[in-house]
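> Requesting a structural model of the entry that follows:
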Amino acid sequence: MIETVKEHLQKVAQFEATDQEAIEQFRISYAGKKGILNDLFAAFRAVPNEEKKEFGQVLNQLKTAVAEKVESLKATQSSTTTAGVYGDLSRPAFPSALGSQHPLTVVRNRIVAIFSQIGFNISEGPEIEDDWHNFTALNLPEYHPARDMQDTFFIQTDPDILLRTHTSSVQVRYMENNKPPIRTISPGRVFRNEAISARAHCIFHQVEGLYIDKNVSFADLKQTLSYFTQALFGKSKIRLRPSYFPFTEPSAEVDIYWGLETEIDYRITKGTGWLEIMGCGMIDPNVLENCGIDPEEYSGYAFGMGIERIAMLLYQVSDIRMFFENDVRFLQQFKPTL
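Reported below is the predicted structural model:
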């Protein structure tokens, strides 16, 4: 009898099947009500007493072997079926494609980081503004062209509500709610009623800076701008050309010396080697007074730049519209290298 059980152990060990029906037939033949195991357990009574212990051990081995074989075959059959429908679920997943920050976001963050290192905080304000914060408080007279429908997106009139044309409105709100000394930058999106072309867009982004304290001079402004251009472009040679802005006096345009080392340098600087990057000036006393700051005690400077223009210079992008088209082929070029 013991030899018979051992033969069945060998058969169980050698049995292989991938068909669900064959596996079930195997299980029934051994573990069913009329199966081999039941017959062997019934024959246990006829085994001589001196063999019962060994017979019982071998019989239990057979019972365990049958159960394990059935479970193993079912698991194999299940994984094979799943792999056929869904693929191999045990294999490592494909790595997800990494996205990238928008180039305007990258440049904005770099500018913010540079000014944060010298004590400037970040201020933000609404994109829908009133006439006072966008024009009047900034010393723009009623006849100024920026107030015309051709240049500004008005939402309503009397009172005038509009999409802000610059982030200087954020500076006005900051001056109204904070006492000097003030040192803040205001990044944000602005809107102007302009025809869309390779060099202009009706939506763009600005970063404007404001510094107000006692005894602030134009020399402080120039030193700040030199630090910024060196940190962002690696070039500290700048020049300040006299200009006009209603909210600063004196006012200047800031040019950076780009150089004339390549053909591209000649093209983007028009052969001069100089590139205009921003406007700046000392804050007009009327603006300080409009915001509740005593111009006799405090002075300050302000500056502003277009993020798109800085990005176009840094990445040699020739068409501003590419920043707004969400072309994956363009944006993928700004993926970080790991």
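> Tally up the residues packed near Ala13, please.
Per other CB atoms under 10 Å, the neighbour tally for Ala13 reads 10. Heads up, the C-betas are built off the backbone N, CA and C, glycines and all.
> Now for Gly32: which residues touch it?
Asn38 (CB atoms under 8 Å, 6 or more residues apart in numbering).
> meant to ask about Lys74, not that
Gln20, Ile23 are the contacts of Lys74 under CB under 8 Å, 6+ apart.
> Run through the protein and note the low-pLDDT ranges.
1, 5, 44, 55, 77-88, 146-150, 336-338 (pLDDT under 70).
> can you map out the strands along it?
121-122, 128-130, 154-156, 161-163, 182-191, 203-213, 238-245, 248-257, 274-283, 299-306 (DSSP state E).
> Quick one, which of these gets closest to Leu314.
Evaluated over the strands of the chain, closeness to Leu314 peaks at strand 274-283, with 10.7 Å, by CB to CB.
> how about the strands of the chain, which one is nearest Lys335?
Closest among the strands of the chain, using CB to CB: strand 203-213, at 21.1 Å.
> List the buried residues of the closest one.
Buried residues in strand 203-213, counted by 16 or more other CB atoms under 10 Å: Phe204, His205, Gln206, Val207, Glu208, Gly209, Leu210, Tyr211, Ile212.
> Spatially nearest residue to the last one (excluding sequence neighbours)?
By that I understand Ile212. Closest residue to Ile212 apart from its sequence neighbours, by CB to CB, 6 or more residues apart in numbering: Gly300 at 3.4 Å.
> For Ser226, give me its contacts.
Ser236, Ile238.
> and the most centrally placed residue in the chain, what does it touch?
In the chain, the residue lying closest to the centroid (CA atoms, centre = their mean) is Gln101, at 4.4 Å. For Gln101, the contacting residues are Asn109, Phe334, by CB under 8 Å, 6+ apart.
> go on, Thr76?
Thr18.
> Looks like the residue nearest to Ile212 contacts Lys214 (just checking).
No. Counting by CB atoms under 8 Å, Gly300 does not reach Lys214; the two are 9.7 Å apart.
> higher neighbour count, these two?
Just comparing Gly300 and Lys214: by other CB under 10 Å the higher neighbour count belongs to Gly300, 25 against 10.
> Isn't Pro295 up against Leu288?
Yes. Using CB under 8 Å, Pro295 is in contact with Leu288, at 4.4 Å.
> Between the two, point out the one with more neighbours.
Leu288 (20 against 14).
> That one contacts Ile212, correct?
Yes. Counting by CB under 8 Å, Leu288 does reach Ile212; the two are 7.4 Å apart.
> tell me, what's touching Gly300 and Lys214 both at once?
Common contacts of Gly300 and Lys214, defined by CB under 8 Å, 6+ apart, comprise Pro180.
> Tell me how the chain divides into domains.
Residue ranges for the domains of the chain, per automatic domain parsing: 2-86, 103-334.
> returning to what we had before: export the buried residues of strand 203-213 as a markdown table, with columns for distance to Glu54.
Shown next, in a markdown table, are those (distance: CB to CB, whole Å):
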| residue | distance to Glu54 |
| --- | --- |
| Phe204 | 91 |
| His205 | 87 |
| Gln206 | 92 |
| Val207 | 89 |
| Glu208 | 94 |
| Gly209 | 94 |
| Leu210 | 96 |
| Tyr211 | 97 |
| Ile212 | 100 |
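> Select, from those, the two members most distant in space.
Spatially, the most separated pair among the buried residues of strand 203-213 is Phe204 and Ile212, at 26.1 Å (CB to CB).
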